[in-house]
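Engineer: let's see this in three dimensions:
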Amino acid sequence: MTTPTRATLEKALKSDAKLQATATQIANELTSGTYTIAELAEELGFALTSADTEERVAGTNLLSAVLNGLPGDVLNSKQLEFLTTFYTDRLRDHHNVMPAIIVGLNALVHMKQLPSENVPLLLQAFFQYTTCQSQTRGDRTKIFKMFKFLTLHFQPELVKMSGDFLFGLINSIDGERDPRNLDIIFSFMPEFISQYPLLHLAEEMFEIFACYFPIDFNPSKEDPEAITRDALAEKLTNCLVASEQFAEWTVSLAVEKLDSQLVVAKLDSIELLHQAALKFSPGALEPYFAQIWQALKAETFPGSDNADVLRCALKALAELLKSAAKVPSISHNYQSNVLGVVLPHMSDVHHRLFHPATAISLMCVSGDAPYAADKILNTFLLKLQTTELSLTTSEERIRFYHIISQVYKLAALRDSLAKLDKTILLPLQDDVIKALRLCEREDFDAKKEDLELQCAALSVLCECVPVLSEAQRALVYKALVQLISHPYIDLDFKQLTVNLGALQPVELQSSFIDICIRNFDIFSEFIKRKIYANLLPLLPQVAFTHRILDLVMKEVFTANVIEPGRILALEALSTLLNQEEQRFIVELQQQSNLLHKLIELAQNTSTLPLTSLELIAAALCRIMQQLPLSEQSAIVSEYLPTLDLQQAAHLYVAKGLLGYLHKDICLDDHFERLLDDLTKLSLSSDNEQLRDIAHHLLCSLVNKMDNTEENRNQVKRIIHQLKVAIKSGDQRAVHLLAWLAKGLVVAGFEEAAEIVTDLTELLEHPTLCSAAAVAFDIIATEFPELDLPVVKFLYKQKFFHTIMNKLGSKLSNYCEHHMKAFIYVLKATPHSVIRLNIKQLGPLLFKTLDAQNDAQFLCIALGICNNFVEQQDSYFQTHLGHIIPSCLELSKQKTQPNMQVRIAALQLLYDITKYPTFVLLPHKTDVTLALAAALDDSKRLVRNSAVKARNAWYLVGAPSGE
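Structural biologist: Model prediction:
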């Protein structure tokens, strides 16, 4: 093939579609080497050099389109040099040719073999003969993208151009108003400014960005990819802090705009200062810190009315102080300026500037902890030394202690606690310890004092443990022993003992732990509970693990322990097992055979109360959960055959072993006996607790059973047995049937449908109808303590549709017990399922609001309605005439004695106000008048809800509410 003929090219130039098609074809032919770009240019010369402007435009468009379609490595350096010369000459052509030239230039600079020396020639010609801002928006976009590419890939060449490129770039950007183009500029310019010398044009470069600050534009709502104001503002800020040469002008700009009354302008200005602190060195900002502090002080001291402005201003100040900490002399200068203003206001807690002064002073500590903390703590020390410590609660001292605690904490976070001045810390800590030891005085009445001062003192001591002197620690240990052995005081000092144990384990062991354990037997139940609470957090520390474990194990397993001592120990054991990780529990089981000991304790101690058995079961569950499957299976095989489930102790052991047993462990060998024994217990026992355990175990067993014919036959046998008991009027059989159904429904077994059918029929039974309705509540409700690991996908949706089909005709007639059962089911049904069936369910919900007196059902129905109203559902919008009167009636104390129902009805009335105004206006007067009665309700929470609802209705149709 040869180059395209003139006739072919002339035909291609007649329309844009033909031009693009021809350009694609030519690009493919050039890529394959059919002919060269020089040959193409020669054939296209008639158009490129034509006296007719339109023909030159078309010819240049074709050439540029061809270049744009070529891979980057097709043209060699000589060809690109030739094309560069052509395009730079064409920059002097008619302005109509410029769009095509810009496309060509863009294509050229992306070519891999473009000679680097051609880039300055191209840019110089571009800046000399073309004005960027005179081009269309789309062409300017191409130009800025070209500049972006050049700054990233031709840095040495652009640096050699010196001020020429900078000046041309500034002129090209100056005056740009389109947000899309500004987004491109603001994206690549920060990196360019930071890497290129700005020479004498630094101020001019800054000014082309400063004119846009703060950003003020609203993106088009019709543009799905609209640039947000915040995103553009963030990128502009990066430009303004891209070079340290901008420091003076950046500060001046931020301070100037911070005076604006617009919140957005204030936030942008504060963020600019924050970014300046992050990007500029302390030395660059030091000359202007006084100016910055004066501006930020206006927003932080006493503080802006706008919470966002105050928060951002404190954040900016904190970053300035943190940055300055790298240079001690600068940091001390900053801190002196700030603390000199705020410290005088921190000695009086009632002063209106106390809170803002505290906030700023803590920012100072976060910046330069050693310097600021010493100054602040010394201020408090001087004040505390002039204030007498007495039993009378001192609000001032308490608030001082809380701030001191935060100062210590911030200093520790900055690894500066050890750097603080000991001459300030020691007397300050002495004062705190004296406050804690006030409870040791004979005239201290723990029943009358609120102990707030002691709590504040403990908060300080928790943070200052690393810098307590040996003498101070001795006093702290003495105070802790006094606190833990006090018959009335119960202060939480767990964190203090943990911190002391980590740093001084030997001291804590001898001065506190040994004393507690040595006298443990003579202490009261109240004190023992405190000892457990404060020793258990120390368990992870190796120095104390065995000592604490020995105490707990001795109290749990010693035969002659007097109750409630064993219950306390079992509670401690349960807490221990719940707070520790799997590795610790497995090792504890392996080393001490804890599970066997607990089972023996339950089976061989006849006097154990049910509370102790419950705690043993909980401990067994926790241990079983953490053991590997092989060990779980072995333990079940060893102990399960020996259990007599008619005995309470054995039942609780079974609960511990089986309650959270892994679903993959096969129980087929024990399944029949477990079903029979648990069913017998459930039907015969008068103890509600034991029956609940039996119900939960049966539910979990059938849920986890292997889907074999034998197991299913066993379940059917039990179901038949329960049906026989139901025929004799046994309510317990109904409840047990419901628990079996729950396990089967969740797992998706077919037998569940049979039970649901039986329970549905029982809703018409003269004596068992209420129990049958409750059965549906059992099936639908989720119980956190119940382990049902086998879950059928979408089982809730399937259960809902099953009940809908079973109860359909009865629901349409609004039969009372059928409605109750269905409301229970709706409570657990996903909202999306209810929404799909709302036309059938809506009348039932409305009837429930009108006809039911049961508070539980009303709360469920109101909650479901509220879910729809919050989303402004259209179905409920058309039925507001029914819902509003029902809610008004339910909000009255005379007709509805239950407080929760009244609150739920008022909340629904409030949420209804989110509907469009034209829907609400017909009801406005009636609702506002009717709600007056609820304003006088005897319950405060109801009155609060009534005020909120009535205010919302009163504002319906008001201008501010539109």
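
Engineer: where does pLDDT dip in the stretch 751-900 of the chain?
Structural biologist: For the stretch 751-900 of the chain, applying pLDDT under 70 flags the ranges 808-814, 852.

Engineer: got the end-to-end distance for stretch 722-732?
Structural biologist: Chord length of stretch 722-732, first to last residue, is 9 Å (Cα to Cα, to the nearest Å).

Engineer: my bad, stretch 622-642
Structural biologist: Terminal-residue distance, stretch 622-642 (Cα to Cα): 21 Å.

Engineer: and that stretch, which residues are buried?
Structural biologist: Buried residues in stretch 622-642, counted by 16 or more other Cβ atoms under 10 Å: 622-627, 631-633, 635-636, 639-640. In short, each C-beta sits where N, CA and C put it, glycine included.

Engineer: same deal with stretch 181-191?
Structural biologist: Buried residues in stretch 181-191, counted by 16+ other Cβ under 10 Å: 181, 182, 183, 184, 185, 186, 188, 189, 190.

Engineer: go on, stretch 292-309?
Structural biologist: For stretch 292-309, by 16+ other Cβ under 10 Å, it's 292, 293, 295, 296, 297, 299, 300, 301, 303, 304, 309.

Engineer: which residues touch the helix or strand of the chain with the lowest mean pLDDT?
Structural biologist: Across the helices and strands of the chain, mean pLDDT, DSSP states H and E gives its lowest value to helix 795-812, namely a mean of 78. Taking contacts as Cβ atoms under 8 Å, 6 or more residues apart in numbering, the residues outside helix 795-812 that touch it are 745-746, 748, 753, 756-757, 760, 763, 776, 779-780, 792, 818-819, 821-822, 825-826, 828-830, 833, 837, 840, 844.

Engineer: ok, stretch 161-171 next?
Structural biologist: Residues outside stretch 161-171 that contact it (Cβ under 8 Å, 6+ apart): 120, 123-124, 126-127, 131-132, 147, 158, 196, 198-201, 204-205, 208.

Engineer: can you rerun that using 6 Å?
Structural biologist: Contact with stretch 161-171 is made by 120, 127, 158, 199, 201, 204, 208, as judged by Cβ atoms under 6 Å, 6 or more residues apart in numbering.

Engineer: which of the residues you listed has the most neighbours?
Structural biologist: The most crowded member of the contacts of stretch 161-171 is residue 158, carrying 22 neighbours; neighbours defined as other Cβ atoms under 10 Å.

Engineer: quick one: contacts for that residue?
Structural biologist: Here residue 158 is in contact with residue 165 (Cβ under 6 Å, 6+ apart).

Engineer: same thing but 8 Å
Structural biologist: Counting by Cβ under 8 Å, 6+ apart, residue 158 touches 119, 120, 123, 150, 151, 165, 196.

Engineer: also residue 773?
Structural biologist: Listed by Cβ under 8 Å, 6+ apart, the contact set of residue 773 reads 763, 817, 820, 821, 824.

Engineer: surely the first one touches residue 821?
Structural biologist: Right, the one you point to is residue 763. Yes - shown here, residue 763 and residue 821 form a contact pair, counting by Cβ atoms under 8 Å, at 5.9 Å.

Engineer: okay, and the common contacts of the two?
Structural biologist: Residues touching both residue 763 and residue 821 (Cβ under 8 Å, 6+ apart) are 772, 773, 807.

Engineer: what's the helix or strand for the second one?
Structural biologist: To tie it back to what came earlier, the one meant is residue 773. Using DSSP states H and E, residue 773 falls within helix 769-780.

Engineer: ok, back up a step: of the contacts of helix 795-812, select the buried ones using a ChimeraX command.
Structural biologist: In ChimeraX syntax, the buried subset of the contacts of helix 795-812 is picked out as below (16+ other Cβ under 10 Å):
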select :745,746,748,753,756,760,763,776,779,780,818,819,821,822,825,826,828,829,833,844
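
Engineer: show only the entries of the contacts of helix 795-812 found in helices.
Structural biologist: Of the positions in the contacts of helix 795-812, 745-746, 753, 756-757, 760, 776, 779-780, 818-819, 821-822, 825-826, 828, 833, 840, 844 sit in helices, assigned by DSSP state H.

Engineer: which stretches of the stretch 501-650 of the chain form helices?
Structural biologist: For the stretch 501-650 of the chain, the helices defined by DSSP state H, counting those that start in this stretch occupy 505-508, 514-518, 525-535, 542-557, 565-579, 582-592, 594-604, 610-626, 629-639, 648-658.

Engineer: quick one: mean pLDDT over the third one.
Structural biologist: Looking back up the chat, that one is helix 525-535. Mean pLDDT, computed over helix 525-535, is 92.

Engineer: quick one: buried residues of it?
Structural biologist: Neighbour counts over helix 525-535 (16+ other Cβ under 10 Å) mark 527, 528, 529, 530, 531, 532, 533, 534, 535 as buried.

Engineer: do the same with the shortest one
Structural biologist: Of the residues in helix 505-508, those scored as buried under the neighbour-count criterion (16+ other Cβ under 10 Å) are 505, 507, 508.

Engineer: ok, those vs residue 540, which is closest?
Structural biologist: residue 505 (12.3 Å; Cβ to Cβ).

Engineer: give the contact list for that closest one.
Structural biologist: Contacts of residue 505 by Cβ under 8 Å, 6+ apart are 541, 543, 544.

Engineer: how about 10 Å then?
Structural biologist: Applying Cβ atoms under 10 Å, 6 or more residues apart in numbering, one finds that residue 505 lies in contact with 513, 538, 541, 542, 543, 544.

Engineer: show me the contacts for the closest residue to the last one other than its chain neighbours.
Structural biologist: Across the structure, with Cβ to Cβ, 6 or more residues apart in numbering as the measure, the residue nearest residue 544 apart from its sequence neighbours is residue 538 (4.5 Å). The contact partners of residue 538, taken as Cβ under 10 Å, 6+ apart, are 494, 497-498, 500-502, 505, 508-509, 512-513, 544-545, 547-548.

Engineer: what does residue 842 give?
Structural biologist: Residue 842 sits next to 834, 865, 868, 873, 875, 876, 878, 879, 882, 883 when contact means Cβ under 10 Å, 6+ apart.

Engineer: mind giving me the PyMOL select for those residues, buried ones only?
Structural biologist: In PyMOL, this line selects whichever of these come out buried by 16+ other Cβ under 10 Å:
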select buried, resi 834+865+868+873+876+882+883
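
Engineer: now do the SS call for residue 915.
Structural biologist: Here residue 915 is coil, with the state taken from DSSP: H, G, I helix; E, B strand; the rest coil.

Engineer: which ones are touching it?
Structural biologist: Contacts of residue 915 (Cβ under 10 Å, 6+ apart): 869, 872, 873, 874, 876, 877, 880, 923, 956.
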